[in-house]
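Q: the following block contains a protein sequence and its predicted model.
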Amino acid sequence: EVQLQASGGGVVQAGGSLRLSCVASGSSFDDHAIGWFRQAPGKEREGVACTNMRDGSTYVADSVEGRFTISSDYAKNTVYLQMNNLNPEDTAVYYCAYPWIHGSPSKVKFWGQGTLVTVSS
């Protein structure tokens, strides 16, 4: 059974940083990228970033380009999302998800439990 355990959310002031972690288990995760989505209140869930843990390739959405970095530790089956220079518009519940296919939430089969990130102004 695939499990995605996300952690690292919290409350931070604008301009601050947080690092989210996602520990994946129950599968090899070699066939597709694994990624992060977020959902702000009243908004649709959107893809933020993804990585292929096997080859280390990454993708970051334009909305967070230059501020967010995704990385992984293949041996630990863990994916990280480093978020810098956060602003209130980044406030959302962040979900680890697999597989990432074109950043479409409808194609995700497994979701983590979500971790809340709140950025105060």
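A: Yes, it's here.
Q: I figured Glu46 hits Gln39, correct?
A: Yes: Glu46 lies in contact with Gln39 (C-beta atoms under 8 Å); the separation is 7.4 Å. In this view, the C-beta of every residue, glycine as well, is placed from N, C-alpha and C.
Q: what touches both of these two?
A: With contacts defined as C-beta atoms under 8 Å, 6 or more residues apart in numbering, no residue is shared by Glu46 and Gln39.
Q: surely Gly16 is in contact with Asn87?
A: No: using C-beta under 8 Å, Gly16 makes no contact with Asn87, being 9.7 Å away.
Q: who has more neighbours out of the two?
A: Gly16 (15 against 12; other C-beta atoms under 10 Å).
Q: tell me who's in contact with the residue lying closest to that one once chain neighbours are set aside.
A: Leaving aside its chain neighbours, Gly16 sits nearest to Leu86 (5.5 Å; criterion: C-beta to C-beta, 6 or more residues apart in numbering). Residues in contact with Leu86 (C-beta under 8 Å, 6+ apart) are Val12, Ala14, Gly15, Gly16, Ser17, Leu18, Arg67, Val117, Val119.
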